[in-house]
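**Q** Turn this into a structure:
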Amino acid sequence: MIDYEASLNDEQRKVVFESDGYALVLAGAGSGKTRTLVYRVAYLLEKKSIQPSEILLLTFTIKAAKEMLSRVSALLGSNFSGIWGGTFHHICNRILRKFAPRIGYPKNFVIIDDEDSKAIIAQCIRDVNKDKLKAFPNAGFFSYLKGISANTLIPWEDILKRNFDEYREFFYQIRDVFSLYYERKKESGLVDFDDLLVLVYRLLREFPDIRQFYGEKFRYILVDEYQDTSKLQACIVDLLASVHNNLLVVGDDAQSIYSFRGATVENILSFPQRYPNAKVFYLNKNYRSTPEVLYLANASIENNIRGFQKQLMAVFEERGEDPLVARFGSVEDEARFIAEQVELFLDEGIPASEIAVLFRASYHSAKLELSLAHRGLDYIMRGGIRFFEQAHIKDVLAYLRVLYNPKDAIAWQRLLCMYPGIGPQTARKLFLAFSGKDIFEIETVRFESLSKKAQKAVERIKEIFLSIRDLSLYEACRYVLENGYWEYLRDNFDDYVERQEDLIYLLEFLKAYSDLESLFSDIGITENFKKGFSLEERDSIVLSTIHQAKGLEWQVVFVMGVVDGQFPHSKSLKTDTGIEEERRLFYVALTRAKKYLIITAPAAGFDYRFGGYFSRSSSFIDELPRDGYRELVRV
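**A** Numbering: from 1, shown residues only. The predicted structure follows:
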């Protein structure tokens, strides 16, 4: 017998005991939502005698579902493997395996991953774009457009017209590529990740008997992280819950930050309107942060017009330090300060793994990585790779590496293989021909044995090196970008827009260097710093984008680069919905801190809205109550 009274607080108990019917649980950061869901499932099994197979638990990772079900089993002392628990894709796969023939697919369909999906799309593009039009969208674009269309239930045609004017001239070819893609997949018995959801939604809508079968089967449906569901996922859940009308969704509108993946905050905001009799529960007791941290976080999110009104309350009454807002004259000063403060926290005995530095975009970390490496402070990049280890950064720096050392075989290989007609073997031959010569003597070298494409590429490479040899590092890099690499980036990287921002930052980064030796000495420190360490074993400072940090917590949290144009991001300033999502992202960052919160803002840096410099801190800082933080100014 579970002691619910002793195990749960009053807010959690209400959810566990009273959430039959349609119920929305607004679970604030650190309020124990997972615990509440686990006890709700246990309560259904123990007190209401619901069969495990009658419960559907939808989570955003398979790991989360397994953890919850494991905790339920531990509570009740028995294995409840009959519960349907997992991600939307996992559950939809089970449904589709049973009823796929109804819509022309075999039960033994094969699920293809993103890479295989893009390979099929690429072949379809080749078959449709026979004239090889250079500006034609690549497979990555089609994959993105397909995914956004599926998850938002907005026709791809409308998305194209609204957001991608540069591709409107290819409308009919794009239509043909999509038609060919879906035809070939179906003929081969293949489904991609988007299909798993789209096809099940189609089954539930078009076949009342299937909808009735699963509607009757699942007497209770529970959905975690509801604020991050897409329109498509919400519609699937609504159909599955249409018989017993027992749907419990848990989430926090203040932490809805994944619209770029197709998620929509409207699902959670409109829940009470879609179900007028729905019960609304609040989990406001925070088990993570000090009252001072929560005071600032609550004050920030209150500036959002759209959202449920709630206040996080600290369970732990012990007072802590007021958060610090620190302003600096440059991004270099900001990076040095953070590194210095990290050292002080370490000296105080705080484990490195309990210290995190969060930022809006990955390129914000470049200066900080150098500062940490110079001080011998080990760090890991959560959910990504270090700035100078990224492929597109290495691509562009390969030109400068060859300028610095013409015998650099790795840089030559990377550089040459970016050009049409040059593969690894040809690149090796060319390097052997160039090696040992002054870089600018290559214009006298002739390669009659090469293909015409390769010969043309060699001539282009010569032109580039002859053009950049007397330029500053900034101008040389800019020349490389504007003379072919922007096109290469678009054609070879699905997320080329985000990578463009990294490269624009690289340009600004290079302005601080007058010679190649200093540049590559600094970069070398960061590249070699991690060698000899095991990511599983070492105790390291965490560097992370805020999106990657959601759901995590640390004793010490730095939120850096909080300046208009960076955070909030310049793109978000165009709409009210955009700025509100950015503020939710800021709220997520603040609520990762358990004890110490430091917000940093450089007074000068690069602003992508204007292609120039910004000179003011973020409007998010301006909104914070002045009595809620200490201030440090080093301008």
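**Q** Output the contacting helices and strands for the host helix or strand of I621.
**A** Assigned by DSSP states H and E, I621 falls within helix 619-622. On a contact count with 3 or more Cβ pairs under 8 Å, 6 or more residues apart in numbering; DSSP states H and E, helix 619-622 meets helix 576-590. In this view, the C-beta of every residue, glycine as well, is placed from N, C-alpha and C.
**Q** which helices and strands does the host helix or strand of D238 pack with?
**A** In the assignment (DSSP H and E), D238 maps to helix 231-240. Packing partners of helix 231-240 (3+ Cβ pairs under 8 Å, 6+ apart): helix 88-99, helix 139-152, helix 193-206, helix 208-217, strand 220-223, strand 247-251, helix 266-269.
**Q** Could you rerun that using 7 Å?
**A** Counting by 3 or more Cβ pairs under 7 Å, 6 or more residues apart in numbering; DSSP states H and E, the packing neighbours recorded for helix 231-240 are helix 139-152, helix 193-206, helix 208-217, strand 220-223.
**Q** quick one, it and strand 247-251 angle?
**A** Helix 231-240 and strand 247-251 are oriented at 150 degrees to each other (axes from the mean of the first three to the mean of the last three Cα atoms, to 10 degrees).
**Q** rewinding a little: which one of the helices and strands packed on helix 231-240 is the most hemmed in?
**A** A comparison of these by mean neighbour count, using mean count of other Cβ atoms under 10 Å, puts strand 220-223 on top with a mean of 24.
**Q** Contacts made by it with the rest, please.
**A** Strand 220-223 has contacts (Cβ atoms under 7 Å, 6 or more residues apart in numbering) with 37, 40-41, 44, 50, 54-58, 237, 240-241, 246-250.
**Q** Name the strands paired with it and say parallel or antiparallel.
**A** Its sheet considered, strand 220-223 pairs with strand 55-58 (parallel), strand 247-251 (parallel) by DSSP bridges.
**Q** Could you export it as PDB, keeping only the C-alpha atoms?
**A** C-alpha atoms of strand 220-223 as PDB (Å, rounded to 0.1, in the frame of the first residue of the first chain):
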ATOM      1  CA  TYR A 220      -6.800   6.600 -19.300                       C
ATOM      2  CA  ILE A 221      -4.300   8.600 -21.400                       C
ATOM      3  CA  LEU A 222      -1.500  10.700 -19.800                       C
ATOM      4  CA  VAL A 223       0.700  13.000 -21.800                       C
END
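**Q** tell me the mean pLDDT for that strand?
**A** In this model, strand 220-223 has a mean pLDDT of 97.
**Q** just for the chain, where's the confidence low?
**A** By pLDDT under 70, the weakly predicted segments of the chain are 383-384, 435-448, 525-538, 604-616.
**Q** sorry, back to before: most tightly packed of the strands paired with strand 220-223?
**A** Comparing the strands paired with strand 220-223 by mean count of other Cβ under 10 Å gives strand 247-251 as most buried, with a mean of 26.
**Q** so how far is that strand from its chain's centroid?
**A** 23 Å (Cα atoms, centre = their mean, to the nearest Å).
**Q** got a list of contacts for it?
**A** Identification of contacts with strand 247-251 by Cβ under 7 Å, 6+ apart yields 19, 22-25, 27, 33, 37, 40, 221-227, 237, 241, 268, 271.
**Q** Spatially central residue for this structure, please.
**A** H547 (5.3 Å; Cα atoms, centre = their mean).
**Q** Now it: closest residue in space, sequence neighbours ignored.
**A** I257 (6.3 Å; Cβ to Cβ, 6 or more residues apart in numbering).
**Q** Next, count neighbours for that neighbour.
**A** 22 (other Cβ atoms under 10 Å).
**Q** which residues does it contact?
**A** Applying Cβ under 7 Å, 6+ apart to I257 gives the contacts 547, 550, 581, 584-585, 588.
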